[in-house]
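Novice: This is a predicted model, with the sequence first.
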Amino acid sequence: MALDQRSCSILNHLVHADGYVTIPFLTETFRVSRRTIYYDLDKIDDWLKERGYSPLKKIRNAGVYLEEKEKRKIQEDIKTLNERDYEYTTKERQAWIILHLMTTDRPVFIDDLAQLFRVSRNTIIEDIKILKNRLDGFQVALLSDRRKGYLIEGDEKSCRKAMVYYLSVIFPEHAWSVLEMNKQKLFRHEGVMVFPSLHPRVFDDLVHFIQRCETQFELEYTDDVHRQLAIRLIFILRRIQLDRVVRFDPIEKDVLSDTPEKALAQRLMEHLAHVYRLDIPDDEIYYLATHFLGARVNDLRVQETDSRDIKKLAVIIKKMIDDFEKLALVQFQDREQMERNMLIHLKSAYYRLIYDIQMINPVAEQVIEHYPEIYHLTEKVIHHLEAVVQKTVPENEIAFMALHFGGWLRREGLRVRKKSKVLVVCANGVGTSRMLQQQLEEWFPSIEIIRTATTRNYHQYKHQADFIISTTPLADGDPSVPIMTVSPILTEAQLLELQKKLALKTEVPRRRHPSVETILEIVEQHATIADRSGLYQALQGYLHQPEIVGMHREKPGLADLLSSDTVQIKDSVANWEAAIRIAAEPLLLKQAIEARYVDAMLQNVQTMGPYMVIAPRVAVPHARPEDGVRELGLSVLKLRQAIPFPDEHHLVQLIVVLAATDDERHLKALSQLSRLLSRKEGFQALLTSQNEQELLALLRPTGIKHG
């Protein structure tokens, strides 16, 4: 029985799991149906039996687990899967085809590819057709020649851009078991990739060399960066061996020449040139430096904060946060720390965009699906970065930025009741760790996050922790400290599992349940129990399973918040103060706000000036929830005659009063309003509406009620 990428990843989860893994946990983690998970588990079972291992232990309503004594050996077998034991997905196969064509020195024909991937000629022909179209997007051509077979042609920088992208498909950051397994294929003679002049140990040597150089050049990359750079370097070396080298403009080289990243690249290339007796062109050193610049770091160097690029990016971050606050109607309290943390991420994103280094963001889809309002607002402010890099920022990079905003939004107003000490381990950088930390603090206020750590340095802090939560498996964890592996964006099943384990650790009072021992005694009177300990564990897990409130609290939209009682139209008012008071009257009558909330809004305008004007002719006055908000509310006043708000440079006709109860629940309505205002025809229709009924219909059309 052959395993595929998903079944390998599921098996890897089971290897690193501490006890049972529930089916809901697997369906949500891998985003597939229960039926698909059961199919994958059957496939894993067959694979285990073929190799003489015990089958998966499946306990109804509890989950599945592997025999503890067999886990280490299974883990090694996953890493060294033979080609015949692995089934490529279409996406994987197509990525390997591109990488194979970019690194081979022999003619490659359809029959060669069909034999290599154990598929039909027609399948390969269809793959080639799809890949030709995709490579067009990289300005690279996939050509065929009767004598030379299939060839990839184009400017070497463009070819490298495509190569790095497809490497991120084969070696995903979030699937360590897949990375380890695919790494082995690079040097296996029956595999899809063979590097005859490179020793299989080169990958680990490169990782260790980069780590040693970090201290010397005062750099600290995130854990996954070492692996990603090592993999890229192997393929870069192969392109150099094939005499396919990049060319750098002298001006670009001048910009890079004084950076520590260039010095690190030079040191590394000199080492490789000596070890593998290669003649490495100077331009390749500069090319590698761009990858170091675009790699995620844990912090900025002290002297780096004074550089021209960092100062420019610091201004961009400030503008983005200012606009996000205005659009989301929130005020981040710890701005200085927030700006610094986001600057750390933006620096690497900036260089990835400048040098066209495209990568797959493993959590982009989850960010967009679970946090659509935060993603949409991030899209609205990303134009500041686009103006500097002079290109459109892709969805993957926007999702990374949304992780930061989401993490800081969740931090607002939290008061953590310190109890059980938790260490968060994350290999994907400061944005992911911040997002995970804020989710944990929101859903488990009784825990104390002692710090976030990397997989390299968590050993320094684990003795301080009662519990470790990690986004990547920790194979050598201390058995005295429980460990749970989760995804960066927690699913409901993961939250349930965490609540169960943390509740046991912190001894949170629970509802009364029948005694497990009593149940076992009753069963023993009527049946023979083959595995009393296993049954006890299963019953304990099932009976003491805590209830968890739904992860995604429903956010009301415009259609839910607006009614004929909260929408007004007037010809004119005396001034902006009167406009706010009149616009807020419906919320006062509904007792959604107190009178002091109106005073707080007026004070905010006096203090911050036109801060409340979020778009031409539109103001959204608001204050903090603690200034007198009783329940979430929204009211609208449209003026036929514009008024200064608060000065002649900011004329306003539409006043939307927002009363928010926290920093998130109003975001759906605000996101809908933002979309409505961004459409020129829709906005003009609002301004020219004749009566309250017409205005209300425009503000709450059917199409956006659930948007």
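Specialist: All right, it came through fine. Numbering: from 1, shown residues only.

Novice: Look through the chain and tell me its longest strand.
Specialist: Using DSSP state E to define each element, the chain has its longest strand at strand 633-644.

Novice: helices and strands around it, which ones?
Specialist: Strand 633-644 is packed against helix 558-561, strand 567-570, helix 576-589, strand 651-659, helix 692-699, with contacts defined by 3 or more Cβ pairs under 8 Å, 6 or more residues apart in numbering; DSSP states H and E. Bear in mind the C-beta positions are built from the backbone N, C-alpha and C, glycine included.

Novice: Kindly recompute the last result at 7 Å.
Specialist: On a contact count with 3 or more Cβ pairs under 7 Å, 6 or more residues apart in numbering; DSSP states H and E, strand 633-644 meets strand 567-570, helix 576-589, strand 651-659.

Novice: what's next to the shortest one, contact-wise?
Specialist: The one in question is strand 567-570. Applying Cβ atoms under 7 Å, 6 or more residues apart in numbering, the contact partners of strand 567-570 are 582, 636-639, 691-692, 695-696.

Novice: pLDDT on the longest strand of the chain, on average?
Specialist: For strand 633-644, mean pLDDT rounds to 95.

Novice: relative to helix 576-589, how tilted is it?
Specialist: Relative orientation of strand 633-644 versus helix 576-589 (axes from the mean of the first three to the mean of the last three Cα atoms, to 10 degrees): 160 degrees.

Novice: Parallel or antiparallel, list what pairs with strand 633-644.
Specialist: strand 567-570 (parallel), strand 651-659 (antiparallel) (DSSP bridges).

Novice: Reformat these as a markdown table; add mean pLDDT, distance to residue 19 and mean neighbour count.
Specialist: Output for these, formatted as a markdown table (pLDDT from 0 to 100; distance: least, Cβ to Cβ, whole Å; neighbours: other Cβ atoms under 10 Å):
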| stretch | mean pLDDT | distance to residue 19 | mean neighbour count |
| --- | --- | --- | --- |
| strand 567-570 | 96 | 55 | 18 |
| strand 651-659 | 94 | 46 | 23 |
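
Novice: could you redo those as a markdown table and give each row distance to residue 628?
Specialist: Listed next are these as a markdown table, based on distance: least, Cβ to Cβ, whole Å:
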| stretch | distance to residue 628 |
| --- | --- |
| strand 567-570 | 21 |
| strand 651-659 | 8 |
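
Novice: Nearest to residue 525 among the ones you listed would be which one?
Specialist: Residue 525 lies closest, by Cβ to Cβ, to one member of the strands paired with strand 633-644: strand 651-659, at 61.9 Å.

Novice: what's whatever helix or strand comes next after that closest one in contact with?
Specialist: Tracing the chain past strand 651-659, the next element assigned as helix or strand by DSSP states H and E is helix 667-678. Helix 667-678 has contacts (Cβ under 7 Å, 6+ apart) with 327-329, 373-374, 376-377, 380, 555-558, 561, 615, 618, 634, 656, 682-683, 704, 707.

Novice: could you redo the last one with a cut-off of 8 Å?
Specialist: The contact list for helix 667-678 (Cβ atoms under 8 Å, 6 or more residues apart in numbering) reads 327-329, 372-374, 376-377, 380, 555-558, 560-561, 615, 618, 634, 656, 658, 682-683, 686, 698-699, 704, 707.

Novice: now the residues you listed: which count as buried?
Specialist: 327-329, 372-374, 376-377, 380, 555, 557-558, 560-561, 615, 618, 634, 656, 658, 683, 686, 698-699, 704 (16 or more other Cβ atoms under 10 Å).

Novice: can you give me the mean pLDDT across the helix or strand harbouring residue 600?
Specialist: Taking DSSP H and E as the criterion, residue 600 maps to helix 595-608. For helix 595-608, the mean pLDDT works out to 90.

Novice: what residue ranges in the stretch 201-350 of the chain score low on pLDDT?
Specialist: 301-306 (pLDDT under 70).

Novice: where does residue 288 fall, phi/psi-wise?
Specialist: Note on residue 288: backbone dihedrals following degrees, to the nearest 10 are phi -60, psi -40.

Novice: That one contacts residue 268, correct?
Specialist: Yes. Contact criterion Cβ atoms under 8 Å: residue 288 and residue 268 qualify, at 6.9 Å.

Novice: ok, those two, which is more surrounded?
Specialist: Neighbour comparison, residue 288 and residue 268: the larger count goes to residue 288, with 24 against 21 (by other Cβ atoms under 10 Å).

Novice: residues touching the more buried one, list them.
Specialist: Counting by Cβ under 8 Å, 6+ apart, residue 288 makes contact with 233, 236, 265, 268-269.

Novice: Just put those in TSV and tack on distance to residue 529 and secondary structure.
Specialist: Listed next are those as TSV, based on distance: Cβ to Cβ, whole Å; DSSP: H, G, I helix; E, B strand; the rest coil:
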residue	distance to residue 529	secondary structure
233	56	helix
236	60	helix
265	64	helix
268	60	helix
269	65	helix
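
Novice: Looking at the residues you listed, which one is closest to residue 278?
Specialist: Scanning the contacts of residue 288 for proximity to residue 278, where the rule is Cβ to Cβ, the winner is residue 269, at 8.7 Å.

Novice: surely the closest one meets residue 284?
Specialist: Yes. Using Cβ under 8 Å, residue 269 is in contact with residue 284, at 6.5 Å.

Novice: of the contacts of strand 567-570, buried ones?
Specialist: Here, 16+ other Cβ under 10 Å leaves 582, 636-639, 692, 695-696 buried among these.

Novice: List just the nearest of these to residue 339.
Specialist: For the buried ones among the contacts of strand 567-570, the nearest to residue 339 is residue 636 (33.2 Å; Cβ to Cβ).

Novice: Quick check: beta-bridge partners of the closest one?
Specialist: Taking DSSP bridges as the rule, residue 636 bridges to residue 567, residue 656.

Novice: How much space separates it from residue 567?
Specialist: Distance, residue 636 to residue 567, by Cβ to Cβ, to the nearest Å: 5 Å.

Novice: same check, this time on residue 223
Specialist: For residue 223 relative to residue 567 (Cβ to Cβ), the value is 53 Å.
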